[in-house]
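Trainee: no letters, just coordinates:
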DNA sequence: AGACTTTTAAATGTCAGACAAATAAAATGT
DNA sequence: ACATTTTATTTGTCTGACATTTAAAAGTCT
């Protein structure tokens, strides 16, 4: 592992990259201990604070974990699905909140992913997944339910549908989209008060998944997509009208 | 923004989290300048190296960028698709290489995503996307092409197919899966020498996308999926047999 | 001998102060 | 008005030190 002291990049960034490469290329394996900060400083011919900045960069990406004390140090981390989830959620949330992605694009991606999961879920869902979906539908049907709870239940329902596919990669990829869209989805649900339609579609989806009928599930998801986009458009229009009133 | 000095977590981690929260919640907006390191050290009642470690953590996640010199400092970064891409690729690669995900799972997710893109691509693909796909098919048909080039061309082809959908979220999500699977896909292509079948399927896909026929494209993708899994199984079996020979 | 306690060495976490290098604004000179 | 120099500010890096944590090693008691 070598770095170029004449490069324009920060030394800590270069060191982080060198170690990252070593991990990705398998020269450092899971749970292997990195040299101590002092040793790394020696190897790379930099000071310890510089090494530490590099290690913090790696820790921020869950590539390593550190442990204090004798026989402690930095260890190559086995990345977990939890890590992948939270990274995905952060990235998706920022992409949306910073307007790098429109709501339409995120929505389309979300439902496209969900439709991709549905056939797998119809095939593999456990009774547990099905039970979760049914339970959430019951909850969503209760008249006294708060808007917040309805939205949370909605997330749980779709989560169960996706998890039913038994593919954690698809699950964690979707998690980002769903989580990032949550604020706007909440607003849609709050204002539009469209629970009956949504519950109806959820029921159709659950029925299809129970009957292992991918086609029907897909059709219901398409309807839900269309419906969501319609609601979103009306909410946006209402917003624009409100702005017009204020400024006029 | 406050931190708890009595918490068990590192101060730099707490500070990074506090700033991250401020960004995600919109209290710090894109291109806004953070206080200087000295000021942050003052605010959080810690030393400058500690603040710097926190800032490096954020920089590693592309949440901020730093600039030296007068009127330089740390600025909230508008996260780009390139950032999202590379993060996704790193995460996916590690999940696969550390055996947190099986090849089957990654493969399934990849083709499920690709099938989700195909109908959109059939609808929206530009002549440019189509031209890229055709060009790659021509390249793949050349007898003298090296294995490496064939694989690279394969990636470009699928990339064009997915980009044709015009949804950057789907594009960057798929990038991770494709990139992470690359090493094993290479091995499959190298050993199995199955170019004719693959080129044939690619042609069918391109034809379908050109004709805006989502159903045919989907069918061809399903075949490609099945074929890939078959090849992978035979490669694995050959590997296992080779191991048996050595150990027996 | 075995179980418990104390010591110790090694490592990360944190701090203080300093200097180098970059950079853009401000001051200066032509 | 333009070009050059100066200057203040800020990040990047280094040195050296101390605090804290931790597990192994040594010691002690029963």
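Mentor: Right, received. Where do you want to start? Computed from a predicted structure; not experimentally measured.
Trainee: let me see the ranges of the helices in chain A.
Mentor: A:11-24, A:37-44, A:48-60, A:81-97, A:103-124, A:127-141, A:147-163, A:168-192, A:195-210, A:214-247 (DSSP state H).
Trainee: residue contacts, residue A:210?
Mentor: By Cβ atoms under 8 Å, 6 or more residues apart in numbering or on different chains, residue A:210 lies in contact with residue A:130. Using the backbone N, CA and C atoms, a C-beta is placed for each residue, glycine as well.
Trainee: pLDDT (mean, whole number) over stretch A:36-46?
Mentor: On average, the pLDDT along stretch A:36-46 is 97.
Trainee: returning to that earlier point: distance to DNA strand C added to the helices of chain A, as CSV?
Mentor: Putting the helices of chain A into CSV (distance: least, Cβ to the nearest atom of the strand, whole Å) gives the following:
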stretch, distance to DNA strand C
helix A:11-24, 12
helix A:37-44, 4
helix A:48-60, 6
helix A:81-97, 17
helix A:103-124, 33
helix A:127-141, 39
helix A:147-163, 34
helix A:168-192, 27
helix A:195-210, 46
helix A:214-247, 33
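Trainee: for those, which one ends up most surrounded?
Mentor: Among the helices of chain A, ranked by average contacts under mean count of other Cβ atoms under 10 Å in any protein chain shown, first place goes to helix A:48-60 (a mean of 23).
Trainee: roughly how far does the closest residue to residue A:3 other than its chain neighbours sit from chain B?
Mentor: Leaving aside its chain neighbours, residue A:3 sits nearest to residue A:14 (4.2 Å; criterion: Cβ to Cβ, 6 or more residues apart in numbering or on different chains). Between residue A:14 and chain B the computed distance is 13 Å (Cβ to the nearest Cβ, to the nearest Å).
Trainee: what do you get for residue A:215?
Mentor: From residue A:215 over to chain B (counting by Cβ to the nearest Cβ), the distance is 13 Å.
Trainee: list the contacts of that residue.
Mentor: residue A:208.
Trainee: tell me how far it lies from residue A:115.
Mentor: Per Cβ to Cβ, to the nearest Å, residue A:215 is found 11 Å from residue A:115.
Trainee: follow-up on the earlier one: check contacts around the residue nearest to residue A:3.
Mentor: A:3-4, A:7, A:54.
Trainee: tabulate the residues you listed (CSV), appending pLDDT.
Mentor: Formatted as CSV, the contacts of residue A:14 follow (pLDDT from 0 to 100):
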residue, pLDDT
A:3, 78
A:4, 79
A:7, 77
A:54, 98
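Trainee: out of these, who's the most crowded?
Mentor: Counting neighbours by other Cβ atoms under 10 Å in any protein chain shown, residue A:54 leads the contacts of residue A:14 with 28 neighbours.
Trainee: right, and that residue touches residue A:20 too?
Mentor: No. If you go by Cβ atoms under 8 Å, residue A:54 and residue A:20 don't touch, sitting 9.5 Å apart.
Trainee: gap between the helix or strand of chain A with the lowest mean pLDDT and the chain center?
Mentor: None of the helices or strands of chain A scores lower by mean pLDDT, DSSP states H and E than helix A:168-192, at a mean of 83. Its chain's C-alpha centre and that of helix A:168-192 lie 9 Å apart, by Cα atoms, centre = their mean, to the nearest Å.
Trainee: also stretch A:54-70?
Mentor: Distance, centroid of stretch A:54-70 to centroid of chain: 23 Å (Cα atoms, centre = their mean).
Trainee: do it and chain B meet?
Mentor: Yes. For stretch A:54-70, a contact with chain B is found by Cβ under 8 Å from any Cβ of the partner chain, at A:54, A:56-61, A:63.
Trainee: ok, the most centrally placed residue in chain A - contacts?
Mentor: Nearest residue to the geometric centre of chain A (Cα atoms, centre = their mean): residue A:176, 2.1 Å. Contact analysis of residue A:176 by Cβ under 8 Å, 6+ apart lists A:85, A:88-89, A:91-93.
Trainee: again, but for residue A:96
Mentor: Neighbouring residues of residue A:96 by Cβ under 8 Å, 6+ apart: A:103, A:106, A:180-181.
Trainee: do that again at 7 Å, thanks
Mentor: Neighbouring residues of residue A:96 by Cβ atoms under 7 Å, 6 or more residues apart in numbering or on different chains: A:106, A:180.
Trainee: then residue A:224?
Mentor: So residue A:224 contacts residue A:201 (Cβ under 7 Å, 6+ apart).
Trainee: please redo it, this time with the cut-off set to 8 Å
Mentor: Counted by Cβ under 8 Å, 6+ apart, residue A:224 has contacts A:111, A:198, A:201, A:205.
Trainee: make JSON lines from those and add distance to chain B and pLDDT to it.
Mentor: Below are those laid out as JSON lines (distance: Cβ to the nearest Cβ, whole Å; pLDDT from 0 to 100):
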{"residue": "A:111", "distance to chain B": "9", "pLDDT": "93"}
{"residue": "A:198", "distance to chain B": "22", "pLDDT": "91"}
{"residue": "A:201", "distance to chain B": "19", "pLDDT": "95"}
{"residue": "A:205", "distance to chain B": "17", "pLDDT": "97"}
